[in-house]
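Peer 1: Would you be able to build a 3D model of this:
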Amino acid sequence: MTTSHFRQSGFYIAVCVMAVLAALAPARAQSQESPGPTNLGGTLQGHVHDSTGRPSANAIVVLELGSVAQATAAPVQTTRTDSAGSYRFAALRAGTYRLRAEMTGYGGATVALVNLAKDQTQDVDFTLVSATSSAQAPEFFDEPQFTVAGVTQAANSGGHGSDVVLRTTEALAKATVSLSKDRDGDNDGDKESMAGSKSPAAAPSTAATESSLLQAAALTPLDPALHHRLGDVEEDLGKPLEAVREYQRAAELDPSELYLFDWGTELLNHRALEPATEVFAKGNRLFPKSVRMLVALGVAWYARGSYDLAEQCLGNASDLAPDNPTPYLFLGRMQSVAATPSELSVERLARFARLQPQNALANYYYAVSLWKQAAGSAVNDPDTADNSNNDRSARVESLLLKAVQLDPRLRAAYLQLGILYSQRADFSQAISAFRKVVDVGPQEVGGSPVASPQLEETLAEGHYRLARAYLRTGDKAHAQEELQLHDQLAEKTKEDTEHERREIQEFVISLRNKNSVSQ
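Peer 2: Modelled structure (predicted):
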């Protein structure tokens, strides 16, 4: 699939494109060179002006055929604007075209594809913005060096590190997609959370809706909102390849924070990790105050095994909006499976607990980071770690007890308490904590229990650790019972995880030949 992009050439470019379908436009046509007494075919015409509205005389306007196959066989047509800034291409066959305006002192401005019907006239106007007036104009992409070539069923998900890290990566990717629920353009991400659906504002997922949107997009191909809605519908209909192309088209037409974010999350959700990283990195550059863009970039780096970069992104996101829980929740989830948390993670999670003391997860994640930090200290310097680790153990216990007080259904906190008590050889309290893990009622959404491989995994570990605690107290009968429950849940978790992975189609990415990209 061929894409078009606004490109950097020393100056920032802001392009305002107005595509007006007009059946009759003789007045403007006559202001150009006459095509002759009979106008055979369609016409593309318009004006080029600067940001003050003054005509841009002698600007170059380039017309190309829209598809790669056509473009390689057809010559490029070029014209210059007259003193009124007008240009015109007449006697064109029906088809898809690409327009680009250029002028010395300004950057090249590429417009997305224009669908021209037989004997139709379309107006496409350009606004070229100079360097002196473009300081606030967002700069769009350099030409990406990838295309989405297709999709394939995922036999296995690949990934970095252990299966625990891989499962965490998958959970983080899902949570990142959920941040797309913010449809109000809140670039600072103040309303974001770890829950929600990708597209609550999308049109109903029906073939009729898809058909009507496709027709509307064909009539007004330069409407980014239509392409974005169509992307939502295609994703809901299980057509990820079509969805990513529509999200990409929307982002090309309007490189807004929302459209870029949804393009990136579609790539991330289907494990196109390098392109997703590129989109999020560019989005972060264009919208440096967007918390969710930084969070998404961190998740993309984490999925690629660059854990230091991931932590840095999450730390920076939490610094942007210290009261926003989202970056801390992602950071906490990442460090919960790390062997030893970084100082950055511990410091940011400490701030989370300090700023939101009534947040159960804030207390839980900070407790886990302290506990793992203590374990790392004991390994690195066992002679001096005992006293400080005893104090830290008490602090960890206090935070975990507060977490389960705030949320009595927080199984992960009970599990960590049981591990802490087992480490102290206090198996009576450990058994009590582990029993909470397996006995507490499931969390519910809309009155229905939440079931997921992550929940089943926590339950399975709870049964396993409970069995070990029973063995330490000599209760072999209960230990055997818990081990059987563990094995059953572990098998179900494995099956559910493999089923989820089979359902996700991975994008097949092709790298473009850089020499073939126009400069």
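Peer 1: quick one: average pLDDT of stretch 412-423?
Peer 2: Averaged across stretch 412-423, the pLDDT comes to 95.
Peer 1: what's in contact with that stretch?
Peer 2: The contact list for stretch 412-423 (CB atoms under 8 Å, 6 or more residues apart in numbering) reads 336, 360, 363-364, 367-368, 371, 393, 396-397, 400-401, 403-404, 407, 427, 429-431, 433-434, 436-437, 440, 458, 461-462, 465-466, 468-469, 472. (Each C-beta comes from the backbone N, C-alpha and C, glycine too.)
Peer 1: Dihedrals phi and psi, residue 222?
Peer 2: Taking degrees, to the nearest 10, you get phi -100, psi 20 for the backbone angles of residue 222.
Peer 1: And the one 3 residues further on, by the same measure?
Peer 2: For residue 225, the backbone dihedrals are phi -60, psi -40 (criterion: degrees, to the nearest 10).
Peer 1: neighbours of the closest residue to it other than its chain neighbours, just the number please.
Peer 2: Distances taken as CB to CB, 6 or more residues apart in numbering put residue 250 closest to residue 225, at 7.4 Å, once the chain neighbours are dropped. Around residue 250 there are 26 other residues, counting by other CB atoms under 10 Å.
Peer 1: Residue 250: what secondary structure?
Peer 2: Put simply, residue 250 is helix when judged by DSSP: H, G, I helix; E, B strand; the rest coil.
Peer 1: Next up, the contacts around it.
Peer 2: Contacts of residue 250 (CB under 8 Å, 6+ apart): 224-225, 227-228, 231, 259, 262-263.
Peer 1: Tell me which two of the residues you listed sit farthest apart.
Peer 2: Pairwise distances across the contacts of residue 250 (CB to CB) peak at 14.2 Å, for the pair 225 and 263.
Peer 1: Quick check on the two: which one has the bigger neighbour count.
Peer 2: When residue 225 and residue 263 are compared for neighbours, residue 263 comes out ahead with 28 against 14, by other CB under 10 Å.
Peer 1: got a pLDDT number for the more buried one?
Peer 2: Confidence score, pLDDT, at residue 263: 93.
Peer 1: The helix or strand where it lies packs against which elements?
Peer 2: Using DSSP states H and E, residue 263 sits in helix 257-269. On a contact count with 3 or more CB pairs under 8 Å, 6 or more residues apart in numbering; DSSP states H and E, helix 257-269 meets helix 163-178, helix 224-236, helix 240-253, helix 273-286, helix 291-303.
Peer 1: hey, which of those is tucked in deepest?
Peer 2: helix 291-303 (a mean of 28; mean count of other CB atoms under 10 Å).
Peer 1: ok, and for the helix or strand just after that one, which residues are buried?
Peer 2: As assigned by DSSP H and E, the chain's next helix or strand after helix 291-303 is helix 307-320. In terms of neighbour count (16 or more other CB atoms under 10 Å), helix 307-320 has its buried residues at 307, 309-318, 320.
Peer 1: and those as a markdown table, adding distance to residue 65 and pLDDT?
Peer 2: Below are those laid out as a markdown table (distance: CB to CB, whole Å; pLDDT from 0 to 100):
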| residue | distance to residue 65 | pLDDT |
| --- | --- | --- |
| 307 | 46 | 89 |
| 309 | 41 | 91 |
| 310 | 42 | 92 |
| 311 | 47 | 92 |
| 312 | 44 | 92 |
| 313 | 41 | 94 |
| 314 | 45 | 95 |
| 315 | 48 | 94 |
| 316 | 44 | 94 |
| 317 | 43 | 95 |
| 318 | 48 | 96 |
| 320 | 44 | 94 |
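Peer 1: Nearest to residue 490 among the residues you listed?
Peer 2: Proximity of those to residue 490 (CB to CB) peaks at residue 307, which lies at 26.3 Å.
Peer 1: By neighbour count, which bits of the longest helix seen in the chain are buried? Give me those.
Peer 2: Longest helix of the chain, by residue count under DSSP state H: helix 476-503. Within helix 476-503, the residues that count as buried by 16+ other CB under 10 Å are 479, 482-483, 485-486, 489-490, 493, 496-497, 500-501.
Peer 1: can these go into a markdown table with extra columns for distance to residue 211 and pLDDT?
Peer 2: Shown next, in a markdown table, are these (distance: CB to CB, whole Å; pLDDT from 0 to 100):
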| residue | distance to residue 211 | pLDDT |
| --- | --- | --- |
| 479 | 60 | 92 |
| 482 | 55 | 92 |
| 483 | 55 | 93 |
| 485 | 50 | 90 |
| 486 | 50 | 90 |
| 489 | 44 | 85 |
| 490 | 45 | 84 |
| 493 | 40 | 77 |
| 496 | 35 | 74 |
| 497 | 36 | 71 |
| 500 | 30 | 68 |
| 501 | 31 | 63 |
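Peer 1: Which of the residues you listed sits closest to residue 78?
Peer 2: residue 501 (50.4 Å).
Peer 1: sorry, back to before: please flag which of the contacts of stretch 412-423 sit within helices.
Peer 2: Judged by DSSP H, helices contain the following of these: 360, 363-364, 367-368, 371, 393, 396-397, 400-401, 403-404, 427, 429-431, 433-434, 436-437, 458, 461-462, 465-466, 468-469, 472.
Peer 1: still on that earlier bit, which among the buried residues of helix 307-320 gets closest to residue 411?
Peer 2: residue 314 (23.8 Å).
Peer 1: For that closest one, which residues are in contact?
Peer 2: Contacts for residue 314 (CB under 8 Å, 6+ apart) come out as 294-295, 298, 327, 330-331, 334, 348.
Peer 1: I'd like those residues as TSV, with distance to residue 117 appended.
Peer 2: Below are the contacts of residue 314 laid out as TSV (distance: CB to CB, whole Å):
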residue	distance to residue 117
294	44
295	44
298	46
327	49
330	48
331	52
334	52
348	56
